[in-house]
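S.K.: I would like the atomic coordinates for the input below:
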Amino acid sequence: MELLQSARNSQQHHYIKDFLSTFGFVVLPLSEEIGHRALIYIEEYALSHGLRAGDALIAATAVENSLPLVSSNVKHFKPIRELKLNPFLPH
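M.R.: This next block holds a predicted model:
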């Protein structure tokens, strides 16, 4: 969702979907458990660390699926203790 919302037109939307498909990314469904965990993260970290709904959903999806999260946005995710965060440093 976060990638698609950044598309400025239908061509970019198509490129993003094609990129995800070409490289075999798996799109995980939004479950009740993910939604509940994201709400908890918003309650705990929105005011203190600026966590927004999209990032809360991303973090909750990673935790609920026991997956590491690779992100260059370490600031918002760092306080979430149960999240396996792998910082990505673009060159």
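
S.K.: rest of the way, CA atoms for contacts and neighbours
M.R.: Fine.

S.K.: For the strand or helix carrying Ala62, which residues meet the burial criterion?
M.R.: In this structure, Ala62 sits in helix 53-64 according to DSSP states H and E. Neighbour-count burial for helix 53-64 flags Asp55, Ala56, Leu57, Ile58, Ala59, Ala60, Thr61, Ala62, Val63 (criterion: 16 or more other CA atoms under 10 Å).

S.K.: repeat for stretch 12-29
M.R.: Residues Ile16 are the ones in stretch 12-29 that count as buried (16+ other CA under 10 Å).

S.K.: what does it contact?
M.R.: With contact meaning CA atoms under 8 Å, 6 or more residues apart in numbering, stretch 12-29 is reached by Leu3, Leu4, Ala7, Thr61.

S.K.: Next, give me the two most distant ones among those.
M.R.: Using CA to CA, the contacts of stretch 12-29 span at most 21.9 Å, a distance reached by Ala7 and Thr61.

S.K.: angle of the lengthiest helix in the chain against helix 53-64?
M.R.: Selection of the longest helix in the chain by residue count, based on DSSP state H, yields helix 32-49. Computed with axes from the mean of the first three to the mean of the last three CA atoms, to 10 degrees, the direction of helix 32-49 lies at 130 degrees from that of helix 53-64.
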